[in-house]
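K.L.:
next input, structure requested:
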Amino acid sequence: ALDHERLARAACTYAHALLAHFSRNHDPSAVLGEVNVFRYQSCSPMLVRAAADAALGDALLACVAALTASVSITLSVDPAHTERAPWLSALSAISVVTESPAAAAARLSRGIKRVRALGTVEPALLQAADQSGVHVACEAVLSCGRIELLHYFVEQSVSIAYHRYGNLQGRKLLSFV
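P.N.:
Residues are numbered from 1 along each chain as shown. Below you'll find the predicted structure:
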């Protein structure tokens, strides 16, 4: 059975993390004469792979996190889930495919940037990810948005030195600060 309360709470924390952290530029160092901005870009397209032993609640949480982060995802589910949850194919906001581990692994050669693996990580998927240079996030799905959403974004660090011989007026020329 799905834990609707966990799903609702997680959706709220994901939205809060997006608004409070991931949608903003940050300069935690605040070094005088420099701008060191951290910013986040959605990691698209992404594959969420639910193995035969994956919890369906975790698959839904991963989908909610991806949608919150505006990530284009494909939810790849093992055929074992189709009997237990025929409603998976009715999810309209994401692409849901029922496929074998080998077919899911073959998707990595089609431009997938990251994999969120749920349940036991399938060896074929790990091997294909290794060959393609794709990161596989296989940790447990968390309800804490500040941590879980890290899997759905790419962090960028932009550093600009705007001082020149002690003159700090160059900051006025920077448009994104």
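
K.L.:
low-scoring stretches of the chain, by residue?
P.N.:
Applying pLDDT under 70 to the chain flags residues 1-2, 170-177.

K.L.:
where along this protein do the strands fall?
P.N.:
Secondary structure of the chain (DSSP state E): strands at 34-42, 46-50, 73-77, 95-98, 114-118, 135-137, 153-161.

K.L.:
chain center to the third one: distance?
P.N.:
Translated: strand 73-77. 13 Å (CA atoms, centre = their mean, to the nearest Å).

K.L.:
what does the fifth one give?
P.N.:
Mean C-alpha position of strand 114-118 versus that of the full chain (CA atoms, centre = their mean) differs by 9 Å.

K.L.:
relative to strand 73-77, how tilted is it?
P.N.:
Taking axes from the mean of the first three to the mean of the last three CA atoms, to 10 degrees, one finds strand 114-118 and strand 73-77 inclined to each other by 30 degrees.

K.L.:
list the contacts of strand 114-118.
P.N.:
When contacts are defined by CB atoms under 8 Å, 6 or more residues apart in numbering, strand 114-118 is touched by residues 43, 46-51, 54-55, 58-59, 62, 66, 108, 125, 129, 134-138, 141, 151-152. Where C-beta positions appear, they are placed from N, C-alpha and C, glycine not excepted.

K.L.:
buried subset of those residues, written for ChimeraX?
P.N.:
Of the contacts of strand 114-118, the buried ones can be selected in ChimeraX as follows, counting by 16 or more other CB atoms under 10 Å:
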select :43,46,47,48,49,50,51,54,58,59,62,66,108,125,129,134,136,137,138,141,151,152
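
K.L.:
show me what contacts G33?
P.N.:
By CB under 8 Å, 6+ apart, the contact set of G33 is 161-163, 168.

K.L.:
could you redo the strands of the chain as a markdown table and give each row distance to R9?
P.N.:
Putting the strands of the chain into a markdown table (distance: least, CB to CB, whole Å) gives the following:
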| stretch | distance to R9 |
| --- | --- |
| strand 34-42 | 22 |
| strand 46-50 | 20 |
| strand 73-77 | 21 |
| strand 95-98 | 24 |
| strand 114-118 | 19 |
| strand 135-137 | 21 |
| strand 153-161 | 21 |
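
K.L.:
skip the chain neighbours and tell me the closest residue to the residue most central in space within the chain.
P.N.:
Closest residue to the average C-alpha location of the chain: Y152 at 1.4 Å, with CA atoms, centre = their mean. Closest residue in space to Y152, ignoring its immediate chain neighbours: A69 at 3.8 Å, by CB to CB, 6 or more residues apart in numbering.

K.L.:
likewise S132?
P.N.:
L108 (4.6 Å).

K.L.:
if I look at the one you found, how far off is V115?
P.N.:
Counting by CB to CB, to the nearest Å, the separation of L108 from V115 is 7 Å.
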